[in-house]
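> sequence-free structure coming up:
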């Protein structure tokens, strides 16, 4: 590695990514490997599929891990197939009602970025809806016996459509979660939480769409640039590249589309959207961690560049700590504050947080109380206390 030294366990993961995605032919370095730590890292970074695939070629994993990942891969292969069937079914229902959501991550990435190779872990089905189509889309899911885990006290709402409309149009929230075993649908009407500094119109993802054959069914899909931004805003803008799976997606995107994208346009858009620092960080990690050769225009932008607080990012990688535990959350917030573009201030961030959480939101089960709408400061304090209480148990995001 050029900029720093990673643990033996992470170096092995890097070598596996290089072999599986970049076709780098090398002998894996197994010196000093702690297989328990490697197993924990694989789970946190979402790399169990990749480790299983890499092991098929070099046969380096201990039998217990190899057997465990084989079973995991087989189970997830069936789960992925079930998700594909459900996505196609839901798309047909949405299209029948003239609703046209954008599919995000998951099965879409597996098809477009990984050419259907079973290298990427995924569980949820992610849809992005236009706001004006979102309420109808939610009602379709409810009509298909999905339940919303976020409904809280609104499970018996007198006018659910009105309550949903208030949430979509009058709050700063951006998603709900729907379940019907074995499926989990993340239902988005924005790409990111509105208390972030970014300035991006999610309707851009619905422009200039093309038709894609999604496992035999025609669906509308975003163009490569829109696909790039859907990846960046989630993996970088929300999660700040804290998992190797996110960087592997970026790497897979580059291998698939780097010669089809106008990178000067991407740079311009990143600056306009106030997410240029996040984009540079992602590409810097590709260059430094995976020794990936970037397009010249991007490589020039990274000359003498180094992300701030990079040691905190590496600490997440090494410890495999989820950031919604109380202690790692402070490190996550530091990374967030140092990953913003020029013009960002901590004060404006707090202002937006306050605006988001000072209104009562009965959809949230994580609040201890919901005060009346005029009691903004009490609702905000209640949200903070509720968050601390809820996450003292170390729940994952």
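Alright, I've got the coordinates. Computed from a predicted model, the values in this text were never measured in an experiment. Residues are numbered from 1 along each chain as shown.
> In this protein, what residue spans correspond to strands?
Secondary structure of the chain (DSSP state E): strands at 102-104, 125-128, 147-148, 175-180, 183-188, 210-214, 217-221.
> List the neighbouring strands of the shortest one plus their orientation.
Applying DSSP bridges, strand 147-148 is found paired with strand 175-180 (antiparallel).
> chain center to the partner strand: distance?
The chain centre lies 16 Å from the centre of strand 175-180; the measure is C-alpha atoms, centre = their mean, to the nearest Å.
> before we move on, the earlier item: which stretch among the strands of the chain comes nearest residue 337?
When those are ranked by proximity to residue 337, the top entry is strand 175-180, at 23.1 Å, counting by C-beta to C-beta. The C-beta positions use only the backbone N, C-alpha and C, and glycine is treated the same way.
> before we move on, back to that, next, format the strands of the chain as a markdown table and append distance to residue 341.
A markdown table is the format used below for these (distance: least, C-beta to C-beta, whole Å):
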| stretch | distance to residue 341 |
| --- | --- |
| strand 102-104 | 23 |
| strand 125-128 | 23 |
| strand 147-148 | 34 |
| strand 175-180 | 24 |
| strand 183-188 | 23 |
| strand 210-214 | 30 |
| strand 217-221 | 29 |
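> For residue 77, give me the pLDDT.
At residue 77, the model reports a pLDDT of 89.
> what's the spacing between it and residue 53?
Between residue 77 and residue 53 the computed distance is 12 Å (C-beta to C-beta, to the nearest Å).
> Now list whatever residues contact both of these two.
Common neighbours of residue 77 and residue 53, using C-beta atoms under 8 Å, 6 or more residues apart in numbering, are residue 118.
> Would you map the helices across the stretch 251-397 of the chain?
Assigned helices in the stretch 251-397 of the chain, in chain order: 263-272, 276-289, 296-301, 310-319, 326-337, 346-357, 376-391 (criterion: DSSP state H, counting those that start in this stretch).
> Tell me where the longest helix sits in this structure.
Ranked by residue count under DSSP state H, the longest helix found in the chain is helix 63-96.
> wait, what's in contact with residue 10?
Contacts of residue 10 by C-beta under 8 Å, 6+ apart are 41, 244, 317, 318.
> whoops, residue 240 was the one
278, 281, 313, 332, 335, 336, 339.
> what's the spacing between it and residue 278?
In this view, residue 240 and residue 278 are 7 Å apart by C-beta to C-beta.
> Between those two, which contacts overlap?
With C-beta under 8 Å, 6+ apart, residue 240 and residue 278 have common neighbours residue 339.
> low-scoring stretches of the protein, by residue?
1-4, 152-157, 326, 356-376, 378-397 (pLDDT under 70).
> And the longest helix of the chain, what's buried?
65-66, 68-69, 72-73, 76, 80, 83-84, 86-87, 90-91, 94 (16 or more other C-beta atoms under 10 Å).
> Show me what it is packed against.
The contact analysis (3 or more C-beta pairs under 8 Å, 6 or more residues apart in numbering; DSSP states H and E) places helix 63-96 against helix 35-45, helix 48-58, helix 106-112, strand 125-128, helix 131-143, strand 183-188, strand 210-214, strand 217-221.
> could you check the angle strand 217-221 makes with that helix?
80 degrees (axes from the mean of the first three to the mean of the last three C-alpha atoms, to 10 degrees).
> okay if I get the strands of the chain as a markdown table plus mean neighbour count and distance to residue 299?
Formatted as a markdown table, these follow (neighbours: other C-beta atoms under 10 Å; distance: least, C-beta to C-beta, whole Å):
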| stretch | mean neighbour count | distance to residue 299 |
| --- | --- | --- |
| strand 102-104 | 23 | 29 |
| strand 125-128 | 23 | 31 |
| strand 147-148 | 17 | 45 |
| strand 175-180 | 17 | 35 |
| strand 183-188 | 20 | 33 |
| strand 210-214 | 13 | 29 |
| strand 217-221 | 16 | 29 |
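> quick one: which of those strands is nearest residue 231?
Of the strands of the chain, nearest to residue 231 by C-beta to C-beta is strand 102-104, at 8.8 Å.
> So what are the sheet partners of that closest one and their directions?
Going by DSSP bridges, the partners of strand 102-104 are strand 125-128 (antiparallel).
> now the partner strand: how far from the chain's centre is it?
Offset of strand 125-128 from its chain centre (C-alpha atoms, centre = their mean): 11 Å.
> With stretch 342-359 instead?
22 Å.
> what comes up buried for stretch 217-236?
Of the residues in stretch 217-236, those buried (16+ other C-beta under 10 Å) are 219-222, 224-236.
> Quick check: end-to-end length of that stretch?
Terminal residues of stretch 217-236 lie 31 Å apart, using C-alpha to C-alpha, to the nearest Å.
> Next: stretch 168-176.
10 Å.
> From the rest of the structure, what touches it?
Stretch 168-176 is contacted by residues 131, 134-135, 138, 148, 150, 167, 186-195, 352, 355-356, 359, 361, 363 when judged by C-beta under 8 Å, 6+ apart.
> my read: residue 279 touches residue 236, true?
Yes - with contact defined as C-beta atoms under 8 Å, residue 279 reaches residue 236; the gap is 6.7 Å.
> Surely residue 212 is in contact with residue 223?
No - Residue 212 is beyond contact range of residue 223, at 10.5 Å (criterion: C-beta under 8 Å).
> Would you mind listing the residues touching both of those two?
With C-beta under 8 Å, 6+ apart, residue 212 and residue 223 have no common neighbours.
> quick revisit: so which of the helices and strands packed on helix 63-96 gets nearest residue 255?
The nearest among the helices and strands packed on helix 63-96, by C-beta to C-beta, is helix 106-112 at 11.4 Å.
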